[in-house]
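Trainee: With the sequence up front, the predicted model follows.
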Amino acid sequence: MSSDVGDMDDGTQWGVGRLLARAAAADLCADERLAVAIDDFFLPAESRLDERSRSALGGTLTGLVSAVEGAVGQHAARLLAAREAPALAEALANSEPLVLGRLVSSGLLRDAELMRELVGRARQEVLAGALPVTAPEDPDRASLLARLIQNSDGVVAGAAMALLAAESRRQGDADAMATRTDLPAELHHRLTWWTAAALREHFIDIAGDSLSVLDRALIDAAMRSVSSHDEGDRLEAVAMRLAAALDPRADELAPLLVESLADRRLSLFVALIGHALGLDYADAREIVLDPSGDRLWLVLRALELDRESIARIGLALSEADPRRDLDSFAEALDGIAATPSTNARAALAPLLLHPDYRGALLALARGARA
């Protein structure tokens, strides 16, 4: 009898201890959730991701990690099967997606370069999808990209066709995006090795004495993914090639920019600005997506766009992005148009410095404020 009571007491004590530990953990989680909510509440509206961008970012991030996990995991499984590790091969081939959650919990996905790319891509996707559909001035005239595909210059025609294909892959071809990341090479490499490490961590107990075999298979699979990645096929790279092929004169640039927005080809709009200024795509995209528009108006004046062209561009972007203040833009339009191009170019000079040099200057500035 006393033994039974002792057993019950042990069980009660164990249950109480576990309950107290879980309550303490829940208390800590509640504090963390509150801290995050406070930080989110006090974020400036212009810095906060809207729901459409947040959704697009989540979908993009999930798709990218799934693509890398699928490529690395499936090839590693094939290697393990060939190297006489069938149990490991089967476990790897049939596992549920696990890498995204691990990379989130580790904090690795907070990488500034990766998130700059993904946030920019998400915001561009949302903005491009919201651009107003503009009726062409000549209804019998083909769209901008269709005309470029038919261009007599084979370089222009080929680059335009490549842009059409890249946009199709990025926007609608789920099968294509399930097997590629469309990331810059360095970011693709980083994500690939993180994925291989997360897979190793998950299967380390199953591997047992075959851990070295698992390591070799994951390394070989990751190296295959890294070596086969071609960042030249990215939408952004293809758009920049088309802009370089067009290489518009000053008097040709304004109508191309206006029509690229009317044709809802935001990637070409960004690339044309980047090419004209000598900026890379990511920097040009950041200028275009900035809802304040201040840098973009300076850019357009530095490129000597006229008042009407700037007005049409500002109107199209304001209709597509609710964060932009159309009334403020309308009030500022005369001042923007009156800004001498030489003054605009001088104001933009720091932006046009070598990106590594500019990054070092920004790092020093941040350090001085700390």
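Mentor: Arrived safely.

Trainee: Every contact and neighbour count from this point should use C-alpha atoms.
Mentor: Noted.

Trainee: Could you tell me the end-to-end distance of stretch 274-294?
Mentor: With C-alpha to C-alpha, to the nearest Å as the measure, the first residue of stretch 274-294 is 16 Å from its last.

Trainee: where does that stretch sit relative to the chain's centre, distance-wise?
Mentor: 15 Å (C-alpha atoms, centre = their mean, to the nearest Å).

Trainee: what distance separates stretch 99-110 from the middle of the whole chain?
Mentor: A distance of 16 Å separates the centroid of the chain from that of stretch 99-110, by C-alpha atoms, centre = their mean.

Trainee: before we move on, what about stretch 257-276?
Mentor: For stretch 257-276, the gap between its own C-alpha mean and the chain's C-alpha mean amounts to 18 Å (C-alpha atoms, centre = their mean).

Trainee: That one: end-to-end distance?
Mentor: By C-alpha to C-alpha, the extent of stretch 257-276 from end to end equals 11 Å.

Trainee: cool, stretch 80-97 as well?
Mentor: From its first residue to its last, stretch 80-97 covers 19 Å (C-alpha to C-alpha).

Trainee: Now do that stretch: everything it contacts.
Mentor: Contacts of stretch 80-97 from elsewhere in the structure, counted by C-alpha atoms under 8 Å, 6 or more residues apart in numbering, are 66, 69, 73-74, 76-79, 203, 206-207, 210, 213-214, 217.

Trainee: can you check stretch 354-367 too?
Mentor: Around stretch 354-367, the neighbours that count as contacts under C-alpha under 8 Å, 6+ apart are 350-351.

Trainee: Spatially nearest residue to residue 133, not counting backbone neighbours?
Mentor: With sequence-adjacent residues excluded and distances taken as C-alpha to C-alpha, 6 or more residues apart in numbering, residue 133 is closest to residue 262, at 6.6 Å.

Trainee: hang on, isn't the one you found packed against residue 128?
Mentor: No: taking contact to mean C-alpha atoms under 8 Å, the distance of 10.5 Å between residue 262 and residue 128 leaves them out of contact.

Trainee: Under the pLDDT cut-off, which ranges of the stretch 51-200 of the chain? List them.
Mentor: Along the stretch 51-200 of the chain, the parts satisfying pLDDT under 70 run over 135-138, 172-179.

Trainee: Weed out the non-buried ones from the contacts of stretch 80-97.
Mentor: 66, 69, 73-74, 76-79, 203, 207, 213-214, 217 (16 or more other C-alpha atoms under 10 Å).

Trainee: what residues are up against residue 77?
Mentor: 88-90, 92-93, 217.

Trainee: is it possible to export these to JSON lines including distance to residue 275?
Mentor: Output for the contacts of residue 77, formatted as JSON lines (distance: C-alpha to C-alpha, whole Å):
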{"residue": "88", "distance to residue 275": "49"}
{"residue": "89", "distance to residue 275": "48"}
{"residue": "90", "distance to residue 275": "49"}
{"residue": "92", "distance to residue 275": "45"}
{"residue": "93", "distance to residue 275": "44"}
{"residue": "217", "distance to residue 275": "42"}
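
Trainee: circling back: keep only those of the buried ones among the contacts of stretch 80-97 that are in helices.
Mentor: Counted as lying in helices by DSSP state H, out of those, are 66, 69, 73-74, 76-79, 203, 207, 213-214, 217.

Trainee: how many neighbours does residue 278 have?
Mentor: Other residues within reach of residue 278, judged by other C-alpha atoms under 10 Å, total 13.

Trainee: what sits against it?
Mentor: Residues in contact with residue 278 (C-alpha under 8 Å, 6+ apart) are residue 352.

Trainee: Report the separation between it and residue 299.
Mentor: Applying C-alpha to C-alpha, the value for residue 278 to residue 299 is 12 Å.

Trainee: what's the overlap in contacts for the two?
Mentor: None of the residues lies in contact with both residue 278 and residue 299 under the rule C-alpha under 8 Å, 6+ apart.

Trainee: what about the helices in the stretch 1-150 of the chain?
Mentor: Ranges of helices in the stretch 1-150 of the chain, per DSSP state H, counting those that start in this stretch, are 2-41, 51-82, 86-93, 99-106, 112-130, 144-149.

Trainee: Just the buried positions in the second one, please.
Mentor: Read that as helix 51-82. Of the residues in helix 51-82, those buried by neighbour count under the rule 16+ other C-alpha under 10 Å are 53-54, 56-57, 60-61, 63-81.

Trainee: Would you pull up how far it lies from the middle of the chain?
Mentor: Taking C-alpha atoms, centre = their mean, one finds helix 51-82 lying 15 Å from the centre of the chain it belongs to.

Trainee: circling back to that earlier point, spatially, which two of the contacts of stretch 80-97 are the most separated?
Mentor: 66 and 210 (25.5 Å; C-alpha to C-alpha).

Trainee: and stretch 96-108, which residues are buried?
Mentor: Of the residues in stretch 96-108, those with enough neighbours to count as buried (16+ other C-alpha under 10 Å) are 99-100, 102-103.

Trainee: which among those gets closest to residue 319?
Mentor: residue 100 (35.1 Å).

Trainee: correct me, but that closest one touches residue 64?
Mentor: No: under the criterion of C-alpha under 8 Å, residue 100 is not in contact with residue 64, lying 9.4 Å apart.

Trainee: That concludes my questions; thank you for your assistance.
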